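# here are the coordinates; sequence isn't available:
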């Protein structure tokens, strides 16, 4: 089954219904937006669009943080797992919201999106501590030489 989704970036799209994800609590700062669709950014791209089906203007770029930070780990409470009908953490898929800041690609590794792909339910988790930031560099500025910033 397919659903028509109005987007400001791509116009009206005919999207497979199995690409829909319901976030019961919405996302941080967007609590009233619960219905989203995952759209591929491009073939073989590590990025996706998370497009609101409630607001054509509202979309975020997502990626799997482990592609850029293999050591990345996230946690989720048992209450949050119940909220998205997740029985085992191994069954979850984790995404982070991506931004461009000062020419660098950053990800919100402190607030990952945890998705139960079987039930198409998701939750945004706020990780405790300061191991990860909301603007963790995933891809440095193009042309930047990391060695040149060392003193």
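Received the coordinates, thanks. Since we're looking at a predicted model, the values are computed, not measured.
# where do the helices sit along the protein?
78-83 (DSSP state H).
# sheet partners, orientation included, of the longest strand along it?
Ranked by residue count, the top strand of the chain under DSSP state E comes out as strand 93-101. As defined by DSSP bridges, the strand partners of strand 93-101 come to strand 59-63 (antiparallel), strand 104-107 (antiparallel), strand 113-116 (antiparallel).
# among those, which comes closest to residue 28?
Among those, the nearest to residue 28 by CB to CB is strand 113-116 (10.0 Å). Where C-beta positions appear, they are placed from N, C-alpha and C, glycine not excepted.
# which other residues reach that closest one?
Here strand 113-116 makes contact (CB atoms under 8 Å, 6 or more residues apart in numbering) with 21, 23, 27, 50, 62, 74, 76, 80, 84-86, 91-97, 121-125.
# any stretches of this protein with poor pLDDT?
Counting by pLDDT under 70, the chain contains low-confidence ranges at 142-151.
# so how far is stretch 121-136 off the chain centroid?
Distance of stretch 121-136 from the chain centroid (CA atoms, centre = their mean, to the nearest Å) equals 11 Å.
# now do the end-to-end distance for that stretch.
Using CA to CA, to the nearest Å, the end-to-end distance of stretch 121-136 comes out at 25 Å.
# quick check on the contacts of strand 113-116: which are buried?
The neighbour-count criterion (16 or more other CB atoms under 10 Å) marks 21, 23, 27, 50, 62, 74, 76, 84, 86, 92, 94-97, 121-125 among the contacts of strand 113-116 as buried.
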